[in-house]
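> Pasting a predicted model and its sequence here:
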Amino acid sequence: MESKNFNAFEMAQKQFDRIAEMLNLDEGTKTLLRQPLREYHFSIPVKMDDGVSKVFRGFRVQHNDARGPGKGGIRFHPMETIDTVRALSMWMTWKTAVVDIPLGGSKGGVICDPHHLSERELEAVARGWVRQIAQNIGPLADVPAPDVMTSPQIMLWMLDEYEKIMHGRFPGLITGKPVGMGGSLGRTEATGYGLVFTLREALKELNMTLEKTAASVQGFGNVAQYAIKLYTQLGGKVVCVACWDQEDGVSYTFRKSDGVNLSELQGITDRFGGINKAKAKELGYQILPGGDWLTQEVDILIPAALENQITGENVASISKRVRIIAEGANGPTTPDADKVLAERGVFVIPDLLANAGGVTCSYFEQVQNAMNYYWQKDEVLAKLDIKMTSSFIAVNELARRKKLYNRDAAFMIAVNRVAQACRDRGWV
């Protein structure tokens, strides 16, 4: 899904440079925030089921922790690169700042394909990652979480390995754990629901009635599924879903003009979010090329897959009917596409705000771990709604007051908060 010449970190730096200029940041602060504070590269040797040893490459990048411990997921992906991890760690710094939670930004990854690993091999990779980085993470230093192709089970293996090394119980080391083992109720829904909370506010801002809107979604993982669930519960209609097909190595769009049925699609989906084409056809879905999710006659687009999906090359194919783009993925829109969307007056809810529900709920999980007292699901989701709504209002008010594009407004709030923390600490 990612073009070969695309570099996520260069894109993240370009975004930052633009905002740094708008905020008139001094050279020292710019230099500090353009690069990660620390990064770790390491090898993870694993004895495979066939007895052969294989070495996997692992990373952890800590972009900035001026506002609090680093926070960010761990991806297991065959196409993982250090520049992708650097970009994601930087975006995490801005994301925690824009929703004003006391955390910094980090990210981790392992170059591997969980599709081709047994459960025992997957556990060995997870525990091996922790062994290499245990001295440099922790509840008060850097707190990992799940991301692409990692799960609550993987988080629990990682926590268990860390606790063995550190000789104690440290539930706050990692978030996204299973409920009952220090995980938070509502965490599974958090990113998708958080996106819909901001979408609901955007529709109010544009005087649009949610029940009269239709949406097209890219992705069918956790974020997309829960966004579809809440959006349709509130009365919206999703006409198509695009997702990656592991067997064919391409993506497809599954379209149903009278609206997709979430539970129906979930029943024919594998554990990595791939929808069975033959069964979908039987259920009356049109199977279209993967890029067709972008060209639908809908009011709302929700990119909830990977980076670099709306580009200068394909942005012109977006229907004139589209009023809102709610970014469920990290970095789905490139800067050249942004220019076109801004000119067209499309209301973009930027990734660092739209998908910040996950990290916000991860923060709630850390708070509950520290208290050793756990909230009910309704309480978690109500707190999430308050946080996402107030953050949306702050970004929207700044955008309106200074006549800014929403992404610029969100970045200005976030970068300014982090820069101020660095100054207050005397780092610059």
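That came through fine. Numbering: from 1, shown residues only.
> which regions of the stretch 251-400 of the chain sit below the pLDDT cut-off?
272-273 (pLDDT under 70).
> in this structure, which spans are strands?
Ranges of strands in the chain, per DSSP state E, are 38-47, 53-64, 70-76, 105-110, 142-146, 214-218, 237-245, 250-255, 286-289, 300-303, 324-326, 347-349.
> Relative to L404, which of the ones you listed is closest?
strand 347-349 (11.5 Å; Cβ to Cβ). Where C-beta positions appear, they are placed from N, C-alpha and C, glycine not excepted.
> Pull the number of nearby residues for the spatially closest residue to Y193 that is not a sequence neighbour.
Among residues not flanking Y193 along the chain, L230 sits closest, at 5.2 Å (Cβ to Cβ, 6 or more residues apart in numbering). For L230, the neighbour count with other Cβ atoms under 10 Å is 19.
> could you pull out the helices for the stretch 201-350 of the chain?
222-233, 262-266, 277-282, 335-344 (DSSP state H, counting those that start in this stretch).
> now these as TSV including distance to I101?
Shown next, in TSV, are those (distance: least, Cβ to Cβ, whole Å):
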stretch	distance to I101
helix 222-233	19
helix 262-266	29
helix 277-282	39
helix 335-344	26
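> Minimum distance to Q309: which of those helices has it?
helix 335-344 (9.1 Å).
> ok, now which ones touch the nearest residue to V415 once chain neighbours are set aside?
Spatial nearest neighbour of V415, excluding adjacent residues (Cβ to Cβ, 6+ apart): I19 at 5.0 Å. I19 makes contact with D408, F411, M412, V415, according to Cβ atoms under 8 Å, 6 or more residues apart in numbering.
> separation between L195 and A227?
Counting by Cβ to Cβ, to the nearest Å, the separation of L195 from A227 is 5 Å.
> hey, what's in contact with both of these two?
In contact with both L195 and A227: I302, A304, A326, G328, using Cβ under 8 Å, 6+ apart.
> Leaving out sequence neighbours, find the closest residue to the second one.
Which is A304. G328 (3.0 Å).
> That neighbour contacts F220, doesn't it?
No - with contact defined as Cβ atoms under 8 Å, G328 does not reach F220; the gap is 11.2 Å.
> More neighbours: those two, which one.
Ranked by neighbour count (other Cβ under 10 Å), G328 and F220 place G328 first, with 30 against 25.
> and that one, how far is that from D351?
G328 is 8 Å from D351, by Cβ to Cβ.
> And N314, by the same measure?
Applying Cβ to Cβ to N314 and D351 gives a distance of 18 Å.
> Of those two, give the one with the bigger neighbour count.
D351 (24 against 14).
> so S118 touches K47, yeah?
No - in this structure, S118 is not within contact of K47 by Cβ under 8 Å, at 11.8 Å.
> Check the contact lists of the two and give me the overlap.
With Cβ under 8 Å, 6+ apart as the test, S118 and K47 reach no residue in common.
> Report how many residues lie close to the residue nearest to R127 when sequence neighbours are not counted.
In space, and not counting its chain neighbours, R127 is closest to E161: 4.2 Å by Cβ to Cβ, 6+ apart. Neighbours of E161 under the rule other Cβ under 10 Å: 19.
> N330 too?
Neighbour tally, N330, other Cβ under 10 Å: 22.
> Ok, A326 next?
With other Cβ under 10 Å as criterion, A326 counts 26.
> got it, and the one 10 residues further on?
Taking other Cβ under 10 Å as the neighbour definition, D336 ends up with a count of 12.
> Thought N314 was touching it, still the case?
No - at 10.9 Å, D336 does not count as touching N314 under the criterion of Cβ under 8 Å.
> which ones are touching the closest residue to A409 other than its chain neighbours?
Distances taken as Cβ to Cβ, 6+ apart place A399 nearest to A409, at 3.8 Å, with adjacent residues excluded. Listed by Cβ under 8 Å, 6+ apart, the contact set of A399 reads Y405, N406, D408, A409.
> If we ignore the residues flanking it in sequence, what's nearest I137?
Nearest one to I137, counting by Cβ to Cβ, 6+ apart, is P144 at 6.4 Å.
> let me fix that: V196
Closest to V196 by Cβ to Cβ, 6+ apart is L230, at 4.3 Å.
> and if you look at M181?
That would be L156: by Cβ to Cβ, 6+ apart, it lies 5.8 Å from M181.
> The one you found against G180, yeah?
No - in this structure L156 lies outside contact range of G180 using Cβ under 8 Å: 10.3 Å.
> Give the residue from those two that has the larger number of neighbours.
Neighbours were counted for L156 and for G180 using other Cβ under 10 Å; L156 has more, 19 against 8.
> Great, nothing more from me.
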